[in-house]
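> give me coordinates for this.
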Amino acid sequence: MGTVTGTEIQAKASELAGDADNVTWTTDQILAWINEAILLVASQRPDASVLHDAVQLSAGTKQTVTGRRPIRVVRNMGADGATPGDVVHFVDMEAKDRLEPGWHSATPDTTVLEWTWDEDDPTCYYVSPPVPSSPAVWVDLVQAVDPTAMAALTDTIPLDDVYTPAVLEWVMYRVFGRDAVETPNNARSMQHLQACAQLLGVKLRGDISIKPVHETEGT
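Numbering: from 1, shown residues only. Model (predicted):
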């Protein structure tokens with residue numbers, strides 16, 4: 001992951017706030033705000049914190065992730081979870097429902113050909129054909145997960161360094177946001193919040209979207 005520590009973020013934030021001795025804002029508060037920022041980034045950029053591992057599928061079509069949402073089902077992994085097999089293709093759920101309305105009750109098979117999901121139910125995804133109850137069927141799954149909260153400022157931020165500016169901007173938003181609405185610092189707080197949003201927005205526009213429909217876009 002990243003190389004930047006919470007201490008580095010805290011030092012920069014204290015410098016920008018003119019509070020080098022942490023009299024106005026304590027280090028515990030800064031740590032809490034860094035952890036808020038980390039969760040914010042993960043919620044806006046699911047690919048910022050992922051778990052990539054082999055998982056055993058449940059019988060049928062409906063599957064559940066342990067994290068925030070699925071990103072991709074990569075390939076089959078055999079009956080032991082360690083034997084790479086055929087790739088799994090993403091399909092649009094609405095299109096599959098129209099073309100193959102009975103796919104949830106199709107004949108089970110040990111090789112998964114397709115996967116799909118519904119954004120309205122983000123912790124679930126579906127595979128086709130249905131998975132039998134036996135033998136075991138494993139796939140290679142990439143899913144978005146919540147980052148582990150930092151216990152101390154000396155910990156490394158659990159995100160790639162590219163997200164450090166957004167984390168700092170969120171911390172500055174929280175630092176200045178404690179003042180009353182009519183104070184100059186409130187305006188500074190809003191500026192930092194806008195900068196945080198813009199940084200994440202620029203990242204979104206600069207990357208290929210991770211929305212799972214990427215395989216069908218443009219076709």
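> mind listing what's buried in the longest helix along the chain?
Using DSSP state H, we find that the single longest helix of the chain is helix 184-206. Neighbour-count burial for helix 184-206 flags 188-189, 192-193, 195-197, 199-200, 203 (criterion: 16 or more other CB atoms under 10 Å). The way it works is simple: take the backbone N, C-alpha and C, and place the C-beta from them, glycine included.
> against residue 169, how distant is the residue nearest in space to the middle of the chain?
What sits nearest the mean C-alpha location of the chain, by CA atoms, centre = their mean, is residue 46, with 2.1 Å. Distance of residue 46 to residue 169, given as CB to CB, to the nearest Å: 20 Å.
> show me where the protein has helices.
6-16, 27-44, 93-99, 164-176, 184-206.
> mind putting the buried residues of helix 184-206 in JSON lines, distance to residue 159 included?
Shown next, in JSON lines, are the buried residues of helix 184-206 (distance: CB to CB, whole Å):
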{"residue": "188", "distance to residue 159": "24"}
{"residue": "189", "distance to residue 159": "22"}
{"residue": "192", "distance to residue 159": "18"}
{"residue": "193", "distance to residue 159": "19"}
{"residue": "195", "distance to residue 159": "17"}
{"residue": "196", "distance to residue 159": "13"}
{"residue": "197", "distance to residue 159": "17"}
{"residue": "199", "distance to residue 159": "12"}
{"residue": "200", "distance to residue 159": "12"}
{"residue": "203", "distance to residue 159": "11"}
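> for the helices of the chain, which has the smallest mean pLDDT value?
The stretch with the lowest mean pLDDT among the helices of the chain is helix 184-206, at a mean of 78.
> could you say what helices and strands it packs with?
helix 27-44, helix 164-176 (3 or more CB pairs under 8 Å, 6 or more residues apart in numbering; DSSP states H and E).
> next, the angle helix 184-206 makes with the longest one.
Per axes from the mean of the first three to the mean of the last three CA atoms, to 10 degrees, the angle that helix 27-44 makes with helix 184-206 is 30 degrees.
> for the shortest one, same thing?
Counting by the same axes, to 10 degrees, helix 164-176 lies at 160 degrees to helix 184-206.
> buried stuff in helix 164-176?
164, 166-176.
> which two among those residues are spaced furthest apart?
Based on CB to CB, the longest span within the buried residues of helix 164-176 runs between 164 and 176 and measures 18.9 Å.
> what's the domain layout of the chain?
6-47+148-207, 50-145 (automatic domain parsing).
> hang on, the residue nearest to the centre of the chain packs against residue 65?
No: using CB atoms under 8 Å, residue 46 is not in contact with residue 65; the gap is 11.0 Å.
> tell me which of the helices of the chain lies nearest to residue 143.
Set against residue 143 and scored by CB to CB, the helices of the chain come closest in helix 27-44, at 12.0 Å.
> which outside residues touch the closest one?
6, 9-10, 13-14, 22, 48-49, 68, 144-147, 149-150, 152-153, 157-159, 163, 166-168, 170-171, 174-175, 196, 200, 204 (CB atoms under 8 Å, 6 or more residues apart in numbering).
> so who does residue 77 touch?
Counting by CB under 8 Å, 6+ apart, residue 77 touches 54, 83-85, 138-140.
> among these, name the ones in strands.
54, 138-140 (DSSP state E).
> buried ones from the residues you listed, can you make that a PyMOL selection?
Buried residues among the ones in strands among the contacts of residue 77 (16+ other CB under 10 Å), as a PyMOL selection:
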select buried, resi 54+138+139+140
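> returning to what we had before: list the residues that contact the residue nearest to the centre of the chain.
Per CB under 8 Å, 6+ apart, neighbours of residue 46: 68-69, 71, 144, 210.
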